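Novice: give me a 3D structure for the following:
(one chain, ligands or ions: 1)
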Amino acid sequence: MNFLVTGGAGFIGYYLIKKLLDEGYQVVCLDNLSTGSLENVNCFIGNNNYKFIQGDVKDSELVNKLVKDCDMVYHLASVVGVKRVLGNIIETIKTGILGTENVLESVSRYGKKVMIFSTSEVYGKLIKKPLNEEDDVLYGRIHKSRWVYAYTKAIDEFLSIAYAEKGVDTVVVRLFNTVGPRQKMNYGMVLPNFVQQAIHNLPITVYGKGTQIRCFSYVEDVVNTIYELTFIKGISGEVFNIGNNEAVSISELAELVKKVANSSSPIIYIPYEEAYNKGFEDIKIRVPDVTKIHTLLGKNYFKTNLEQLIQKIVDYNYQKIQMKNQA
Ligand code: UDP
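Specialist: Residues are numbered from 1 along each chain as shown. As a prediction, this is how the structure comes out:
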């Protein structure tokens with residue numbers, strides 16, 4: 001099979017492409033390198049099954065050409081990270097909506113298959129544990145730009161379902177806080193931040209009171225789940241939560257990172273308006289109900305627990321520092 005991975009030069013893209021190449025498939029990576037980076041995918045150069053195209057999912061002509069030549073698309077291209085979204089509202093909407101519409105239209109035209117990557121952010125600020133695919137969603141006011149990502153991804157999901165109703169083979173995966181080595185800290189995400197702070201013995205910055213709850217999933221477990229889902233038939237139009245359901249508060253997370261990294265960092269608390277912008281609304285609790293995906297696959301691919309996951313990120317960062325010192 002021949003796969004097109006949009007946004008393939010990003011953090012998740014790297015792991016997905018690696019898996020597909022390891023399994024012997026052909027992969028074309030399309031990325032405009034706005035969030036993604038060649039650093040992530042240069043390691044694949046030289047593999048005859050791999051090709052990189054620098055371009056934009058908003059370019060319908062290019063998307064048509066690439067979709068025509070592949071069997072299936074993994075559509076990951078997106079602006080990511082709460083802080084990055086806040087600074088790039090128009091681009092977030094354009095990439096999200098125009099990009100996804102281009103991909104779905106091409107997939108429809110050429111009779112291909114697509115997996116649309118969505119996010120747990122689509123549940124918005126709904127306070128419910130765990131969050132089920134059938135639940136209602138709850139978003140904040142339009143003037144709070146924090147919700148742009150949620151609204152945009154929700155439109156992507158509407159599009160996917162609408163195309164499925166027209167007979168297109170399309171499925172949505174809602175990813176919950178996916179983390180692992182190689183994830184960049186400059187998009188403001190919590191675990192890369194905490195680990196960097198801890199290994200440099202700098203203050204670990206907990207935003208708000210630290211009572212907000214998240215579940216962190218190891219990226220390879222996510223990719224293994226998605227890979228298995230790829231080959232299941234008869235799921236067009238469906239939406240799946242994908243993630244680990246081991247819940248942790250952000251202040252507990254800070255303590256755990258400090259312990260695993262053997263760090264002397266103090267843990268400090270920063271008000272939301274200082275960390276983001278005035279009136280910023282955080283999501284209080286986000287835990288997935290993963291019954292649907294586990295029942296379908298007959299197996300839970302999430303085998304890395306939070307402590308092991310933090311250990312992997314810490315080890316990777318220490319190795320990077322060592323390599324830099326040796327160079
Ligand atoms: N957060 C934090 N310190 C940081 C970065 C983030 O306390 O240095 C908090 C953030 O406010 C949120 C949680 O950690 O409550 C997860 O943030 P992230 O941006 O990683 O993901 P999301 O909010 O999309 O779940």
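Novice: next, count neighbours for the closest residue to residue 119 other than its chain neighbours.
Specialist: Spatial nearest neighbour of residue 119, chain neighbours left out: residue 153 (5.3 Å); criterion: C-beta to C-beta, 6 or more residues apart in numbering. Every C-beta, even on glycine, is put in place using the N, C-alpha and C of the backbone. Other residues within reach of residue 153, judged by other C-beta atoms under 10 Å, total 24.
Novice: model confidence over the helix or strand hosting residue 153, on average?
Specialist: Residue 153 is part of helix 148-165, with elements assigned from DSSP states H and E. Helix 148-165 comes out with an average pLDDT of 97.
Novice: can you tell me which residues in the chain are near the ligand?
Specialist: Proximity of the chain to the ligand (C-beta under 6 Å from any ligand atom) is limited to residues 82, 177, 188-190, 193, 205-207, 212, 214, 250, 282-283.
Novice: residue 158: which of the residues you listed is nearest?
Specialist: residue 283 (20.9 Å; C-beta to C-beta).
Novice: pretty sure the closest one contacts residue 208?
Specialist: No: between residue 283 and residue 208 there is no contact under C-beta atoms under 8 Å: 10.7 Å.
Novice: helices or strands next to the longest helix seen in the chain in the packing?
Specialist: Ranked by residue count and defined by DSSP state H, the top helix of the chain is helix 306-326. If you count contacts as 3 or more C-beta pairs under 8 Å, 6 or more residues apart in numbering; DSSP states H and E, helix 306-326 packs onto helix 190-199, strand 217-218, helix 250-260.
Novice: in that helix, what counts as buried?
Specialist: Across helix 306-326, burial judged by 16 or more other C-beta atoms under 10 Å covers 306, 309-310, 312-314, 317.
Novice: any idea which of those residues is least confident?
Specialist: Within the buried residues of helix 306-326, lowest confidence goes to residue 317 (94).
Novice: now it: how far from the ligand?
Specialist: 15 Å (C-beta to the nearest ligand atom, to the nearest Å).
Novice: for residue 101, same thing?
Specialist: Residue 101 sits 24 Å away from the ligand, going by C-beta to the nearest ligand atom.
Novice: next one: residue 66
Specialist: According to C-beta to the nearest ligand atom, residue 66 stands 29 Å off from the ligand.
Novice: just to revisit the earlier point, okay but the residue nearest to residue 119 is in contact with residue 97, surely?
Specialist: No: using C-beta under 8 Å, residue 153 is not in contact with residue 97, being 9.7 Å away.
Novice: before we move on, back to that, just the residues of the chain next to the ligand: which are in strands?
Specialist: Per DSSP state E, strands hold the following members of those: 205-207, 214.
Novice: just so I have it, where are all the helices in the stretch 51-200 of the chain?
Specialist: Using DSSP state H, counting those that start in this stretch, the helices of the stretch 51-200 of the chain run over 60-68, 82-87, 89-93, 100-110, 148-165, 190-199.
Novice: who does the first one touch, helix- and strand-wise?
Specialist: In this structure, helix 60-68 packs against strand 2-6, strand 26-31, helix 100-110, with contacts taken as 3+ C-beta pairs under 8 Å, 6+ apart.
Novice: the fourth one now?
Specialist: With contacts defined as 3+ C-beta pairs under 8 Å, 6+ apart, the packing partners of helix 100-110 are helix 60-68, strand 72-75, strand 113-119, helix 148-165, strand 169-175.
Novice: any chance of a markdown table for these, columns distance to residue 242?
Specialist: Conversion of the helices and strands packed on helix 100-110 to a markdown table gives the following (distance: least, C-beta to C-beta, whole Å):
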| stretch | distance to residue 242 |
| --- | --- |
| helix 60-68 | 23 |
| strand 72-75 | 13 |
| strand 113-119 | 9 |
| helix 148-165 | 14 |
| strand 169-175 | 5 |
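Novice: between those, which gets nearest to residue 103?
Specialist: Residue 103 lies closest, by C-beta to C-beta, to one member of the helices and strands packed on helix 100-110: strand 72-75, at 4.9 Å.
Novice: list the strands paired with that closest one, with their directions.
Specialist: Strand pairing for strand 72-75, determined by DSSP bridges: strand 2-6 (parallel), strand 113-119 (parallel).
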